[in-house]
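>>> dropping the sequence and predicted coords here.
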Amino acid sequence: MTVQVRAGLGERRLTAAVRDVFDRHQELRGSGAVCDVRRVPVHGLTGRALADRAAAEVDAVANRADSALFRVLWLDAGADRSGRLVLLVHRRVMAAVPWPVLLSELVSAWNRGDSAADLVGAFDA
């Protein structure tokens, strides 16, 4: 699943939100699982160049031998352009934790990260 995210999402806060969701669901954690959030700088890339970079990163992550059940790629377009989150979730996890639940919990965890900010719209599905 890919969702658009606001500019300036923040790696530390995103990682904390993903960790919260990861820790909440046993189904996301397999044998030796780790919470994996990878920031991919795509500042200045548009159109075909952006699509090619995103596809290469997804392929690289999907082909890793450690068989993680849950990974997140953040395509970071910089502080002034919206980026994308690519959520890579193994299909057997989806039976127990469907996309709407994962996304809702990720948004909630993000919002808890900074109560002073109005971030209800940080994620646009």
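Structure's in. What do you need?

>>> can you pull the poorly scored residue ranges out of the chain?
Scanning the chain for pLDDT under 70 picks out 30-33, 65-67, 114-125.

>>> go again using 80 as the cut-off
Residues of the chain meeting the criterion pLDDT under 80: 29-36, 62-69, 90, 92-93, 113-125.

>>> quick one: the strands in it?
Along the chain, the stretches classed as strands by DSSP state E are 2-5, 36-41, 70-76, 83-89, 123-124.

>>> most tightly surrounded among those strands?
Highest mean neighbour count among these (mean count of other CB atoms under 10 Å): strand 70-76, with a mean of 22. No exception for glycine: its C-beta is placed from N, CA and C like everyone else's.

>>> for that strand, packing partners?
Helices and strands touching strand 70-76, by 3 or more CB pairs under 8 Å, 6 or more residues apart in numbering; DSSP states H and E, are helix 11-24, strand 36-41, helix 47-62, strand 83-89.

>>> adding distance to residue 102, write the ones you listed out as a markdown table.
A markdown table is the format used below for the helices and strands packed on strand 70-76 (distance: least, CB to CB, whole Å):
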| stretch | distance to residue 102 |
| --- | --- |
| helix 11-24 | 6 |
| strand 36-41 | 14 |
| helix 47-62 | 17 |
| strand 83-89 | 7 |
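
>>> residue 95: which of those is closest?
Of all those, the one in closest proximity to residue 95, counting by CB to CB, is strand 83-89 (10.8 Å).

>>> to residue 50, which of the strands of the chain lies closest?
strand 70-76 (7.7 Å).

>>> just the angle between that closest one and helix 11-24, please?
Strand 70-76 runs at 160 degrees relative to helix 11-24, counting by axes from the mean of the first three to the mean of the last three CA atoms, to 10 degrees.

>>> gap between the most centrally placed residue in the chain and residue 57?
The geometric centre of the chain, computed from its C-alpha atoms, lies nearest to residue 72 (CA atoms, centre = their mean), at 3.6 Å. Distance, residue 72 to residue 57, by CB to CB, to the nearest Å: 11 Å.

>>> between those two, what contacts are shared?
With contacts defined as CB atoms under 8 Å, 6 or more residues apart in numbering, the residues shared by residue 72 and residue 57 are 38, 86.
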